[in-house]
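*Asks:* What shape does this take:
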Amino acid sequence: MSGRATLSRAALATPGDPLLFRSPTPPQLPGFIPIETAVPCADPFDDHDWLFSVDWDGARALLYLDPGGSVRIQGEMGGDLARRFPDVSAVASIKGGRGAVLDGVIAVLDREGRPDLAGFGRRIATGPAAAADLPAVYLSFDVLHLDGRSTIAWPLDRRLDALSDLTGQSDVLQAPDHVRGRGEALAAAAAGRGLVALLARRASAPYRPGVASPDRLRIALANQTTCVIAGIDSRHRGGTRLILGEHVGGRLTFAGHVDGPRDRVIAGWLATHAAELRINEAPLDGVQPAIATWLRPALTATVRHHGRSPGGALLRPTLLAIRDDVDPGWCVQRPAVAGPIERHAGTRFSPTLLMPLPLGDVAAAPGAGQ
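*Replies:* Modelled structure (predicted):
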């Protein structure tokens, strides 16, 4: 007898009988979704085809909510942040106990409801032990999967309608407001409250996983950026200085110095990680390892600054937070594009850049721990 599997006649349905067949049950939630990122935009603009919201400072993350009650938080580099933010992962369900994947930001807020980036940096350094003093919230601005099926091909306005039906009155899980068309007015109001950026998204656009989408624009309201921490200079007479880098043309390039953290807890956390990340050669293009402790690109620093020198280095930067939640591969120095403007009757211009994830060799693979 051959090794081929056979089926007896008795096992076959007789003519006219329905063929009993059960399809496999698809998983309720996907395993991994790459995060869509934004293209920098030079100025705020008004356009009825676009939706505008605040670009909240914090850790970009996807919240996987299983209808059975389990929660997973996918960070920017693919790792699960649920243990780091148990106050967020305690959100066991949404309205109706439905399964969903939400896109948003984990943030620490001040008393006026603004992102507290310094508090967020301290929360990263101290971990879950600081949850009572520095509670985190999840601010959701998109839904990517719902009731067992993907929604990424849906237009944004449809996804936002679905999102508004999911979130309730929880202080931990919130869906902040957005406005249609009035980007300039929202920019003025946000800048007046000390917020640093707006997010502009085309209402008809799908979600584009893993790329900087031309239909997702970040409009800066303040000179703030996040750079790779390439090294630590401990010999500076004013104290420790961090050596910053940004990717330019595919290479990690010197972006300036910033004074290191004065908070002892954060300084200790940085020293511990620096010992693990230490390397012998400078990761920066064209910089010689003469006076610094050089680090494998893994940590980042968010800084405020006063513009750039002709060579591109940041002028008088001030440290806001040291982080390990940002993918260093996305610390790219890119010129801002123009917003949608009338070119001639009936047509509009929009940026065409689609930048794939990851950038460079320093981006962690999906599933890497944090």
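*Asks:* what's the burial count for residue 149?
*Replies:* By other CB atoms under 10 Å, the residues close to residue 149 number 9. Bear in mind the C-beta positions are built from the backbone N, C-alpha and C, glycine included.
*Asks:* Kindly state the beta-bridge partners for it.
*Replies:* residue 146 (DSSP bridges).
*Asks:* what's the pLDDT at it?
*Replies:* We have a pLDDT of 92 for residue 149.
*Asks:* Wait, a helix at residue 127?
*Replies:* Yes. Applying DSSP: H, G, I helix; E, B strand; the rest coil, one finds residue 127 inside a helix.
*Asks:* OK, contacts around it?
*Replies:* By CB atoms under 8 Å, 6 or more residues apart in numbering, the residues touching residue 127 are residue 84.
*Asks:* what number of residues lie near the closest residue to residue 203 other than its chain neighbours?
*Replies:* Take residue 203 and drop its neighbours on the chain: the residue closest to it by CB to CB, 6 or more residues apart in numbering is residue 157, 4.5 Å away. Neighbour count for residue 157, taken as other CB under 10 Å: 15.
*Asks:* Using the three-state scheme, assign residue 157.
*Replies:* Counting by three-state DSSP, the backbone at residue 157 sits in helix.
*Asks:* mind checking pLDDT for the residue nearest to residue 83 when sequence neighbours are not counted?
*Replies:* Nearest residue to residue 83 in three dimensions, chain neighbours excluded: residue 128, at 7.1 Å (CB to CB, 6+ apart). We have a pLDDT of 92 for residue 128.
*Asks:* Okay, residue 128 and residue 81: tell me how far apart.
*Replies:* Counting by CB to CB, to the nearest Å, the gap from residue 128 to residue 81 is 11 Å.
*Asks:* ok, which stretches of the stretch 251-370 of the chain are helices?
*Replies:* Counting by DSSP state H, counting those that start in this stretch, the stretch 251-370 of the chain has helices at residues 264-277.
*Asks:* Any stretches of it with poor pLDDT?
*Replies:* Scanning the stretch 251-370 of the chain for pLDDT under 70 picks out 288-290, 341-370.
*Asks:* try it again with 90
*Replies:* In the predicted model, the stretch 251-370 of the chain carries pLDDT under 90 at residues 281, 285-292, 311-312, 330, 334-335, 337-370.
*Asks:* show me where it has strands.
*Replies:* For the stretch 251-370 of the chain, the strands defined by DSSP state E, counting those that start in this stretch cover 251-259, 278-279, 293-295, 300-304, 318-323, 342-344, 347-348, 355-356.
*Asks:* Adding mean neighbour count and distance to residue 142, write those strands out as JSON lines.
*Replies:* Shown next, in JSON lines, are the strands of the stretch 251-370 of the chain (neighbours: other CB atoms under 10 Å; distance: least, CB to CB, whole Å):
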{"stretch": "strand 251-259", "mean neighbour count": "20", "distance to residue 142": "30"}
{"stretch": "strand 278-279", "mean neighbour count": "14", "distance to residue 142": "37"}
{"stretch": "strand 293-295", "mean neighbour count": "21", "distance to residue 142": "33"}
{"stretch": "strand 300-304", "mean neighbour count": "22", "distance to residue 142": "23"}
{"stretch": "strand 318-323", "mean neighbour count": "20", "distance to residue 142": "22"}
{"stretch": "strand 342-344", "mean neighbour count": "9", "distance to residue 142": "28"}
{"stretch": "strand 347-348", "mean neighbour count": "9", "distance to residue 142": "23"}
{"stretch": "strand 355-356", "mean neighbour count": "12", "distance to residue 142": "19"}
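*Asks:* Tell me which of those lies nearest to residue 271.
*Replies:* Across these, residue 271 has its closest neighbour in strand 293-295 (9.8 Å, CB to CB).
*Asks:* ranges for the helices of the stretch 101-250 of the chain?
*Replies:* 117-126, 156-166, 183-192.
*Asks:* Buried deepest among those helices, which one?
*Replies:* Of all those, helix 117-126 has the most neighbours on average by mean count of other CB atoms under 10 Å, namely a mean of 21.
*Asks:* mind putting the helices of the stretch 101-250 of the chain in a markdown table, distance to residue 54 included?
*Replies:* Output for those, formatted as a markdown table (distance: least, CB to CB, whole Å):
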| stretch | distance to residue 54 |
| --- | --- |
| helix 117-126 | 14 |
| helix 156-166 | 15 |
| helix 183-192 | 6 |
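*Asks:* Quick one: closest of those helices to residue 230.
*Replies:* Residue 230 sits nearest to helix 117-126 of all the helices of the stretch 101-250 of the chain, at 18.4 Å, using CB to CB.
*Asks:* Does residue 210 touch residue 78 like I think?
*Replies:* No. Using CB atoms under 8 Å, residue 210 is not in contact with residue 78, being 11.2 Å away.
*Asks:* ok, those two, which is more surrounded?
*Replies:* residue 78 (20 against 16).
*Asks:* how long is stretch 271-291 from one end to the other?
*Replies:* This stretch, stretch 271-291, spans 17 Å end to end (CA to CA, to the nearest Å).
*Asks:* in that stretch, what counts as buried?
*Replies:* Within stretch 271-291, the residues scored as buried using 16 or more other CB atoms under 10 Å are 273-274, 277, 282-284, 287.
*Asks:* what does that stretch contact?
*Replies:* Contact partners of stretch 271-291, identified using CB under 8 Å, 6+ apart, comprise 228, 230-233, 235, 243, 245, 251-254, 292-299, 324.
*Asks:* repeat that with 7 Å
*Replies:* 230-233, 235, 245, 251-254, 293-299 (CB atoms under 7 Å, 6 or more residues apart in numbering).
*Asks:* With stretch 146-161 instead?
*Replies:* For stretch 146-161, contacts defined as CB under 7 Å, 6+ apart pick out 26, 28, 51, 98-100, 142-145, 162, 201-207, 209.
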